[in-house]
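Student: The following comprises the amino acid sequence and a computationally predicted model.
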Number of protein chains: 2
Amino acid sequence: MAKAKETPRTTPALEPLAIGIDIGGTGTKYGIVDRVGNLLFSGEMSTKKHLHVDPFIDELYVNLAPFIEQAGGVGRIKGIGIGAPNGNYYKNTIEYAANLPWPGIIPLGKFVEDKFKLPVVVTNDANAAAIGEMMYGAAQDMHDFIMITLGTGVGSGIVANGKLVYGHDGFAGELGHTIIIPDGRLHPGTGKKGSLESYASATGVRLNAIEFLEKSKTPSLLRKVPKDQLDSKAVYDAAQEGDELALQIFDFTGKILGMALANFVMFSSPEAIILFGGLTKAGDYILKPTREHMEANLIKVFENKIKILVSHLKESDAAILGASALVWEMK
Amino acid sequence: MAKAKETPRTTPALEPLAIGIDIGGTGTKYGIVDRVGNLLFSGEMSTKKHLHVDPFIDELYVNLAPFIEQAGGVGRIKGIGIGAPNGNYYKNTIEYAANLPWPGIIPLGKFVEDKFKLPVVVTNDANAAAIGEMMYGAAQDMHDFIMITLGTGVGSGIVANGKLVYGHDGFAGELGHTIIIPDGRLHPGTGKKGSLESYASATGVRLNAIEFLEKSKTPSLLRKVPKDQLDSKAVYDAAQEGDELALQIFDFTGKILGMALANFVMFSSPEAIILFGGLTKAGDYILKPTREHMEANLIKVFENKIKILVSHLKESDAAILGASALVWEMK
């Protein structure tokens, strides 16, 4: 059963609208958006429970149909933009997405097009968030920035010369999988060692915590937390109590993230790096060491120049807005 | 005293020409180029001996003036393109270039403009090489590629969506300074630890060799080479004799380089990475482990997809051609 909320606002009649869909590993968010970024209708459903993509699209359709009707019918909708892990902009597919229940290559764009009878454009979720940020958020008027999503995993969207960097095959911006500790921690999803995502995601913070608890003798509130509840929220709560080990865990996470961000800066020299997602809620516990270690690893020409910003778009909205924004660029 | 050669070829009369200048830490190469990439005149002089930039520009002018005269006078030249370490495209400056004798921020574009009475555009040397490659070399028709120059240092030029990535400040593409071994080898020029350049440049191979000779007991031809002559050429010569330690040194260098290239691929997903510069002369000794370790660190969507190519432009020409090509893009 979908949770849905209706938030109609004033939109000029007859202007075209767009559908934005953000597919995550756990849940999928969707909405109808107008040209200036008003989210007119929005809802949310489970991704995870659908082991096959067909019934997933069926439920999506059932949930969206009444909204489309209320918005003035399908004729009023210009198209559908979808952000999804490993979404491919050139091929309108999802390919080998480790966090989704559907294996291999899924021609998602075609499937959704057939069901909704509307043009569809697919991109990866972090690219969609970057577009949302550029059109409605912290990156307005920026031509060069990097969006990093720190959630269960680490995603990224890169804008250079005012354009999203898709690469030759549509898969650019997999910064979560860059190697930051050679021969480091194994990523069970990719089989690779030492990636940024293994350390600086919510999952990574949990693993950092387990490692620190095992290796250190420092007394800590975290020693009382059952292992299955030892998540980034628990580390945050302990840090709030002044727990030294919890602070060390965030320092370590920030060190890795800061080093990675320095590398990204030396690649594309962005005006800002915009952080987004659950882990940013740890605030300065993670931002302070991240900034410090980014600066420490930058060569002189970049020192004290690159902003690290936290997205100020509502998390649930940004991805839908970004996905819908893809529609306005459709030919 | 400048070495110069004259290689006049057929160029349509009255077509505009461009001057290309490639400033390196040791020497500076310059030439006059036509629209289709014929190098009509070219010469070379020392950079290093000029502790100040003014007499450097004076000598450059003295050397180029007769060529300009022969080419039909200054009226025939559209402008001057300069590639230089830490050259800034937006500001026409060289800033804090560790490998040049001139410290701080040098308004090189303005100085050269004043002397030659011609419009000047400055960029970093690897960006210039990338443009040369795109217009006349291995990257023709590519919209997404990365150029890596493996010389005394490691430089890079990145093309995404068909455009050079300059970043918000003109300094993008400092991939040689990305950190690949956290807390690794100190780079004396930048004071940073573990950068790609510390391991995978000609200087890096020398340091790798010294380290391997100290740490290992393996007999090696390299043990007979005086320490001040232990350079990448000496390692290559030993590898040619089947020397096991020399092969291990190239394997190690390729491992680091391959890991770094994997990270760059996961950033911008280029169609190809084009390698350029002295170290590429080691051929498969370095290319084979580089390819292997790049593939080993790539996530599935990138596997067996990204070409590693060696530039087929003549090394001395590519940088001049690339620098001159900047002129055709001038407004």
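Tutor: Nice, thanks for sending it over.
Student: neighbours around whatever residue of the stretch 1-150 of chain A ends up closest to chain B, how many?
Tutor: Nearest residue of the stretch 1-150 of chain A to chain B (CB to the nearest CB) works out as A:D144 at 4.2 Å. Quick note: C-beta positions are derived from backbone N, CA and C, even for glycine. Number of residues near A:D144 (other CB atoms under 10 Å in any protein chain shown) recorded here: 22.
Student: next one: A:E113
Tutor: Residues near A:E113, counting by other CB under 10 Å: 17.
Student: Likewise for A:G83?
Tutor: 33.
Student: what's the strand or helix carrying it packed up against?
Tutor: For A:G83, the host element (DSSP states H and E) is strand A:77-84. When contacts are defined as 3 or more CB pairs under 8 Å, 6 or more residues apart in numbering or on different chains; DSSP states H and E, strand A:77-84 sits against strand A:17-23, helix A:108-116, strand A:120-124, helix A:125-136, helix A:315-328.
Student: least trustworthy helix or strand in chain A by mean pLDDT?
Tutor: Every helix and strand of chain A was ranked by mean pLDDT, DSSP states H and E. The lowest is strand A:3-6, at a mean of 51.
Student: ok so, going back, would you turn the helices and strands packed on strand A:77-84 into JSON lines with distance to chain B and mean pLDDT?
Tutor: Output for those, formatted as JSON lines (distance: least, CB to the nearest CB, whole Å; pLDDT from 0 to 100):
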{"stretch": "strand A:17-23", "distance to chain B": "17", "mean pLDDT": "96"}
{"stretch": "helix A:108-116", "distance to chain B": "15", "mean pLDDT": "97"}
{"stretch": "strand A:120-124", "distance to chain B": "10", "mean pLDDT": "95"}
{"stretch": "helix A:125-136", "distance to chain B": "12", "mean pLDDT": "91"}
{"stretch": "helix A:315-328", "distance to chain B": "16", "mean pLDDT": "86"}
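Student: now those in CSV, with distance to A:D183?
Tutor: Formatted as CSV, the helices and strands packed on strand A:77-84 follow (distance: least, CB to CB, whole Å):
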stretch, distance to A:D183
strand A:17-23, 33
helix A:108-116, 35
strand A:120-124, 27
helix A:125-136, 26
helix A:315-328, 34
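Student: Domain ranges for chain A, per the record?
Tutor: A:3-132+A:315-328, A:142-310 (automatic domain parsing).
Student: Now the residue of the stretch 101-250 of chain A found nearest chain B: closest residue in space, sequence neighbours ignored.
Tutor: Residue nearest to chain B within the stretch 101-250 of chain A: A:G167 (2.5 Å; CB to the nearest CB). For A:G167, ignoring the flanking residues on the chain, the nearest one in space by CB to CB, 6 or more residues apart in numbering or on different chains is B:S269 at 2.5 Å.
Student: for A:A160, same thing?
Tutor: B:V165 (4.7 Å).
Student: Phi and psi next, for A:S156.
Tutor: phi -160, psi 150 (degrees, to the nearest 10).
Student: Enumerate the residues of the stretch 1-150 of chain A near chain B.
Tutor: Contact residues, the stretch 1-150 of chain A versus chain B (CB under 8 Å from any CB of the partner chain): A:N86, A:E95, A:Y96, A:M142, A:H143, A:D144, A:F145.
Student: again, but for the stretch 201-331 of chain A
Tutor: Counting by CB under 8 Å from any CB, the residues of the stretch 201-331 of chain A near chain B are A:259, A:262-264, A:266-271, A:297, A:299-302, A:305.
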